[in-house]
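test case, fold it:
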Amino acid sequence: MSETADRLMDLAEARIREAGYRGFSFRDLAAEIGIKSASVHHHFPTKAGMAAAVARRYGERFFELVGRREGETPDDVIDMYRAIFRQEIERDGRMCLNGMLGAEAGGLPPEVVDEIETYFRRCIDDLSSRIGGPDAVGRAFHVMAALEGGLILARAYGDISAFDHATASLVTHALAA
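The predicted structure follows:
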């Protein structure tokens with residue numbers, strides 16, 4: 001992928017994390033990096049294709065960050081997911097890209113919805129396989145719901161402590177299950 005395509009994806013990612021799928025246009029992205037709108041179409045023929053590529057890249061980066069560690073415990077895995085989600089909102093006040101898109105899934109093009117679904121299915125599969133125990137899948141859904149909900153609350157409150165409150169019991173919950 002070219003440097004221009006990477007820059008366009010970075011800008012689109014930031015705007016999607018801030019304002020969702022409708023929060024960016026090719027014209028705005030082109031103006032921001034000083035190219036013509038037609039040049040954006042050269043790299044990404046459609047907005048849906050670009051958003052799907054951005055979502056795929058976001059997921060790939062996420063799964064590199066949460067990769068298996070030697071000797072990890074279920075609590076370690078949940079703490080790792082929690083820390084990465086917290087870093088997202090702490091760094092720039094923006095949402096998880098796929099969480100933001102997931103909220104809009106009913107009105108998005110199929111290729112974008114496919115990427116969102118792939119990301120969340122992969123999160124659930126990864127978490128459930130690594131935390132194990134009774135109802136591991138249900139617990140994985142609970143973790144993801146708490147993390148995404150915690151981001152929403154932190155953004156709504158304008159305070160990272162809302163995320164901390166919403167997700168504080170995740171490890172305790174995993175031990176109790």
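
burial of Gly132, as a residue count?
Number of residues near Gly132 (other C-beta atoms under 10 Å) recorded here: 12. Where you see a C-beta, it was placed from the backbone N, CA and C, and this is true even at glycine.

state the phi and psi torsions of it.
As for Gly132, its main-chain torsions (degrees, to the nearest 10) stand at phi 60, psi -160.

so it sits right up against Pro74, yeah?
Yes - judged on C-beta atoms under 8 Å, Gly132 makes contact with Pro74 at a distance of 6.4 Å.

how about the helices in this structure?
Secondary structure of the chain (DSSP state H): helices located at 3-19, 26-33, 37-43, 47-65, 74-92, 97-103, 110-131, 136-157, 160-167, 170-176.

could you tell me the angle between the fifth one and helix 3-19?
Relative orientation of helix 74-92 versus helix 3-19 (axes from the mean of the first three to the mean of the last three C-alpha atoms, to 10 degrees): 100 degrees.

so what does helix 74-92 touch, helix or strand wise?
helix 3-19, helix 47-65, helix 110-131, helix 136-157, helix 160-167, helix 170-176 (3 or more C-beta pairs under 8 Å, 6 or more residues apart in numbering; DSSP states H and E).

neighbours around the residue lying closest to Gly102 once chain neighbours are set aside, how many?
Closest residue in space to Gly102, ignoring its immediate chain neighbours: Ile116 at 5.1 Å, by C-beta to C-beta, 6 or more residues apart in numbering. The tally of other residues near Ile116 (other C-beta under 10 Å) stands at 23.

ok, Met100 touching Ile16?
Yes - using C-beta under 8 Å, Met100 is in contact with Ile16, at 6.0 Å.

these two: who's more crowded?
Per other C-beta under 10 Å, whichever of Met100 and Ile16 has more neighbours is Ile16, with 26 against 23.

surely the more buried one and Ala51 touch.
Yes - in this structure Ile16 lies within contact range of Ala51 using C-beta under 8 Å: 6.7 Å.

need the overlap of contacts for these two.
Common neighbours of Ile16 and Ala51 (criterion: C-beta atoms under 8 Å, 6 or more residues apart in numbering): Leu101.
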